[in-house]
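In: all I have is the shape, not the residue letters:
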């Protein structure tokens, strides 16, 4: 027996151990989606809470007696605590958003993610907390000639055991049978006398329990940290999407695949394991758009058309407002201090980015959860050209939209083949690939630290000159995009948004139009990113991260995605509020999360919608 | 009609801006079979859905077994003893026949409880496929399963939406037998139908609905005996 073989065996075994852990977490996510049709971003937060509760409870229990029994009792208690938190989330939030469009559901559950992050920091502090090792499973086991941790062997068994228990639950209990029925047709289950609300609450308990269990089981392997939630949720998303959303068996298959891919991928491409995983996902979705064991969605989750209804020209009053806003932006350097100019410059940049996102979401019905990727890629293109190749600002700025557009075309080629929640997940996955590359390719991108020294050319180096440059470019960009919305191409995108089938039937190549739309939006976001890089003087991976993507979504939500100019208003309001309040509070994320949830619940049409409603009220017409 | 099991007065309902029902009124006596007939789009299915709470009623009253049920969620209405069998059957295709019946199971109210065994007497075909996934059943078998599933809730009245639609003549006879059997068990049935012969074979009472309003309300026998009346309301 060669050393080579035993090494590969151990590698495969550790792949199985991570597959088990991943499956336990993903099974809860897919279960909750299957029944409630909500993709729960906060599932990663439940996982994190499971780990934090366990590192609190388990050491306390082990003080009584260092027994394996008490260790696992502690793990189960932690999972139950998290399950109860899941119930709380269902009763307080999810119950109110089952009928709203999926973008709002995603945003609302992301609001919970933000709130939990701050709550965790508040309760447990910023330091990572290492957990105790499991009594009785601390030793290594010799496998051929390699040592393999006993706890990993235990984890390998835990996944199939959970799968088996879930199978029994789903097939041998009334609750499970009702869950499976509700996964297919929840309204019919209601018409047969089953209280859906209770069923959904039970589902959330089970889902959060599984996430908590997954987190609690991790404590001997990894410390509890406040970054656990987002890293695990993307992996869990990938598992559920590859397996087919709602399919527990599919999640198991996908977790096995990904576990092995990571275990062996790290030997071949140590730098890009994350990329491999997302590439697998993109590949599976292109071949099987509903995942390995998933089934096509019967109909879009919401029939309510959400987005720009029919754009109309500015009325006189709005023309005046637009002119005043432009004038204010132009005059600001004369009155405002340097800080005000900086904020105004950033508002203009984000306005362009948010406008380009609403071009996709509001006008095209393409819900992108990874729009920051194109913003960040534009920033990196400019930044790298200036710092690595010594190019001046002007050509580097031209490269920004080209880079954003190029990658949007590349990723969009796959993305526009999908619909609904699968499309949103794929945009997220591609954004994470881009993020991973910028994060891991340290030699070129500077990794986590990014790159500094991205300065504008001499003529534009003063804050004020750069402000005017941004003003001209951003306003031109917004007006160009706005023109496209009013052009037949924009109307075609709206037609495809409202009914892809009918648009196809009248001879529109929906996929090609969406692809082009995606590319245009990516280019505009890239341009905004390039402008941002020079305004900051630096680039780093957060420019491609999920939080920034969510910021953009929050801007269009705040401004109202039904209106053409709403995103500009939203960007101004969002960024000003953020800039003013962030220095005053350690809990910015908590407030942001709570505000997003509040927006979704009580103000789903944004500021633009509120303005339209006010107008209608005072002019006496219907809204 | 001494005491109506189900009484609908001035029911209005619709979807979004579209108004479908403009004040539907009808009654169903205890143990009676009534047929609600009309053309496509007349409002038959919407009437049943609005009674069941699946489409929110906008105005009007719905009384069932002495209680006002308009505005209640569907599961509450079902638990009060009003069963519903949808037009497109909506059986749970991933589940076996036995599991489909389990979803519908609900404790008895007063009269003899339905069990899978008793249902298999009425629908012998189902007995042979208890463990089969419902996706692998024919349309007729699915229709039987949909009715059996609703009966598992031990309803006192059942709303049957187009039970004859798309069924072969042999199955149609079985279905008519099933409706008459329900009647013998004391269950009131309100069925929507386009197949006049089927309706005439099972119903005591007839309603004709046209553009969201009831245009005929009388005995089935009278409607059957009067070709002119029928022509006026039901020919295309």
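Out: Nice, thanks for sending it over. Here the structure is a predicted model, which means the values were calculated and not measured.

In: so what secondary structure elements neighbour the helix or strand where residue A:567 lies?
Out: In the assignment (DSSP states H and E), residue A:567 maps to helix A:566-581. With contacts defined as 3 or more C-beta pairs under 8 Å, 6 or more residues apart in numbering or on different chains; DSSP states H and E, helix A:566-581 has these neighbours: helix A:338-358, helix A:546-559, helix A:588-602, helix A:606-619. (Each C-beta comes from the backbone N, C-alpha and C, glycine too.)

In: now it: average pLDDT?
Out: The average pLDDT for helix A:566-581 rounds to 87.

In: and stretch B:180-191, by the same measure?
Out: The model assigns stretch B:180-191 a mean pLDDT of 93.

In: now it: buried residues?
Out: Using 16 or more other C-beta atoms under 10 Å in any protein chain shown as the burial criterion, the residues of stretch B:180-191 that qualify are B:182-183, B:187-191.

In: ditto for stretch A:493-509
Out: Neighbour counts over stretch A:493-509 (16+ other C-beta under 10 Å) mark A:493-497, A:500, A:503, A:508 as buried.

In: same thing with stretch A:334-345?
Out: Buried positions in stretch A:334-345, judged by neighbour count with 16+ other C-beta under 10 Å: A:336, A:341-345.

In: again, but for stretch B:37-50
Out: B:37-39, B:42-50.

In: the helix or strand that contains residue A:112 vs helix A:546-559, what angle?
Out: Taking DSSP H and E as the definition, residue A:112 sits inside helix A:102-124. Counting by axes from the mean of the first three to the mean of the last three C-alpha atoms, to 10 degrees, helix A:102-124 lies at 120 degrees to helix A:546-559.

In: what average pLDDT does helix A:102-124 get?
Out: Averaging pLDDT along helix A:102-124 yields 91.

In: how about stretch A:590-607?
Out: Across stretch A:590-607, pLDDT averages out at 82.

In: on that earlier part again, using a markdown table, lay out the buried residues of stretch B:37-50 together with distance to residue A:92, secondary structure and pLDDT.
Out: Listed next are the buried residues of stretch B:37-50 as a markdown table, based on distance: C-beta to C-beta, whole Å; DSSP: H, G, I helix; E, B strand; the rest coil; pLDDT from 0 to 100:
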| residue | distance to residue A:92 | secondary structure | pLDDT |
| --- | --- | --- | --- |
| B:37 | 47 | strand | 92 |
| B:38 | 45 | coil | 88 |
| B:39 | 47 | coil | 85 |
| B:42 | 43 | coil | 87 |
| B:43 | 39 | coil | 90 |
| B:44 | 40 | helix | 92 |
| B:45 | 36 | helix | 93 |
| B:46 | 34 | helix | 93 |
| B:47 | 37 | helix | 95 |
| B:48 | 35 | helix | 95 |
| B:49 | 30 | helix | 94 |
| B:50 | 31 | helix | 94 |
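
In: between those, which is nearest chain A?
Out: residue B:49 (9.1 Å; C-beta to the nearest C-beta).

In: in three-state terms, label the nearest residue to that closest one once chain neighbours are set aside for me.
Out: Excluding its sequence neighbours, the residue lying closest to residue B:49 (C-beta to C-beta, 6 or more residues apart in numbering or on different chains) is residue B:55, at 4.3 Å. Applying DSSP: H, G, I helix; E, B strand; the rest coil to residue B:55 yields a three-state assignment of coil.

In: right, and residue B:55 touches residue B:16 too?
Out: No: under the criterion of C-beta atoms under 8 Å, residue B:55 is not in contact with residue B:16, lying 11.0 Å apart.
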